[in-house]
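Undergrad: could you work out the structure for the sequence below:
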Amino acid sequence: MPATDPALLISDDDLNFRETLECVFAPRGFRIFLAGDGEEALHIVRTQEVHLALLDMHMPKLTGLETLRLVKQFKAMLPCILMSAHWDDSLIEEAQLAHAFLVLPKTFTLRQITAAVWQAMERTYHWHDDSQP
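TA: Coordinates of the predicted model:
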């Protein structure tokens, strides 16, 4: 379990989407880091304590999948959830090979994204959020 409040990186080129997810997870006890592209996400993972990364597949500079592969080179255990509006079996297979925790199709419900985050935190850190059923 993280010694401090768990830190969540939200990386998406859509500012409104990033801020919406921040409004979902900040009240649930997460410290939030926001990144608008893959390079910014990599910088945050290298310089901050991050416990979970939400990575949009289609971003400028580096895709979510490229970012995930680079992150895993120096933080192999960091759970990463890849989000994509345009996905297929090939993307899912590539994400699994890159050790993504999950590929989450956009658009998802509040229940789906929070369940995915809780599951990743529980499996990786044995962390449990008491507000969840």
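Undergrad: buried residues in the helix or strand bottoming out on mean pLDDT in the chain?
TA: When the helices and strands of the chain are compared on mean pLDDT, DSSP states H and E, helix 89-97 comes out lowest with a mean of 91. Of all the residues in helix 89-97, those buried under the rule 16 or more other CB atoms under 10 Å are 91-92, 95. In short, each C-beta sits where N, CA and C put it, glycine included.
Undergrad: stretch 98-107 now?
TA: Of the residues in stretch 98-107, those buried (16+ other CB under 10 Å) are 98, 100-104, 106.
Undergrad: export the residues you listed to CSV and tack on secondary structure, distance to Phe17 and pLDDT?
TA: CSV is the format used below for the buried residues of stretch 98-107 (DSSP: H, G, I helix; E, B strand; the rest coil; distance: CB to CB, whole Å; pLDDT from 0 to 100):
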residue, secondary structure, distance to Phe17, pLDDT
Ala98, coil, 22, 95
Ala100, coil, 19, 96
Phe101, coil, 19, 97
Leu102, strand, 18, 95
Val103, strand, 17, 94
Leu104, strand, 13, 94
Lys106, coil, 9, 90
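Undergrad: quick check: the residue most central in space within the chain vs Ser84, distance?
TA: Geometric centre of the chain, nearest residue: Leu54, 1.6 Å, by CA atoms, centre = their mean. Plainly put, Leu54 is 11 Å away from Ser84 if you go by CB to CB, to the nearest Å.
Undergrad: between the two, which contacts overlap?
TA: With contacts defined as CB atoms under 8 Å, 6 or more residues apart in numbering, no residue is shared by Leu54 and Ser84.
Undergrad: in this protein, mark out all the strands, start to finish.
TA: In the chain, the segments counted as strands under DSSP state E are 7-11, 31-35, 52-56, 80-84, 102-105.
Undergrad: start and end of stretch 80-99, how far apart?
TA: Stretch 80-99 has an end-to-end distance of 8 Å (criterion: CA to CA, to the nearest Å).
Undergrad: from the chain's centroid, how far away is that stretch?
TA: Here stretch 80-99 is found 12 Å from its chain centre; the criterion is CA atoms, centre = their mean, to the nearest Å.
Undergrad: use 4 as the first number for this chain going forward.
TA: Taking 4 as the first residue, the last one we looked at is stretch 83-102.
Undergrad: sounds good, over and out.
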